[in-house]
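J.: Kindly return the folded structure for what I paste below:
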Amino acid sequence: MAYNKCFTVVLYLVCNLTMALTDSCVSCYRIEPATIAGIIIADVFLTLIIVMVTYQCASIRRQKIENAEEVYMNVRANCKTN
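T.: Numbers count the residues shown, from 1 in each chain. Next up, the predicted model:
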């Protein structure tokens, strides 16, 4: 989320810099507020999807490691009793 805020600030500064460097009174291309809101909502949605997929993959890997340790412990226990 901090990355998005930094990106927004940099984008804002770049837009202001380009306006300050132009000598003419030509206006910038106007983006509707609904378009900006849609982009932000889509960004948050995609970020949540990436977080959920990453969490799911990490959970599966953790479960495999835990299952492997249980099997190893059972094998060691069987070897000691024989």
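
J.: going forward, measure contacts between C-alpha atoms and count neighbours the same way
T.: Fine.

J.: Just say helix, strand or coil for Ile31.
T.: coil (DSSP: H, G, I helix; E, B strand; the rest coil).

J.: same question, the one 4 residues further on
T.: Each residue gets one of three states, and Thr35 gets helix by three-state DSSP.

J.: so what's it up against?
T.: By C-alpha atoms under 8 Å, 6 or more residues apart in numbering, the contact set of Thr35 is empty.

J.: distance of it from Ile65?
T.: Distance of Thr35 to Ile65, given as C-alpha to C-alpha, to the nearest Å: 45 Å.

J.: same question, Arg30
T.: For Arg30 relative to Ile65 (C-alpha to C-alpha), the value is 53 Å.

J.: ok, those two, which is more surrounded?
T.: Ile65 (11 against 6; other C-alpha atoms under 10 Å).

J.: Would you mind naming the helix or strand containing the more buried one?
T.: helix 33-81 (DSSP states H and E).

J.: average pLDDT for that helix?
T.: Mean pLDDT, helix 33-81: 82.

J.: Same check on stretch 6-16?
T.: 75.

J.: okay, that stretch in PDB with CA atoms only?
T.: In PDB, the C-alpha atoms belonging to stretch 6-16 read as follows (Å, rounded to 0.1, in the frame of the first residue of the first chain):
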ATOM      1  CA  CYS A   6       4.700   6.700  -3.300                       C
ATOM      2  CA  PHE A   7       3.700   6.100  -6.900                       C
ATOM      3  CA  THR A   8       0.800   8.500  -6.600                       C
ATOM      4  CA  VAL A   9       3.100  11.200  -5.100                       C
ATOM      5  CA  VAL A  10       5.700  10.800  -7.800                       C
ATOM      6  CA  LEU A  11       3.000  10.900 -10.500                       C
ATOM      7  CA  TYR A  12       1.600  14.000  -9.000                       C
ATOM      8  CA  LEU A  13       5.000  15.700  -8.900                       C
ATOM      9  CA  VAL A  14       5.800  14.700 -12.500                       C
ATOM     10  CA  CYS A  15       2.500  16.200 -13.700                       C
ATOM     11  CA  ASN A  16       3.200  19.400 -11.900                       C
END
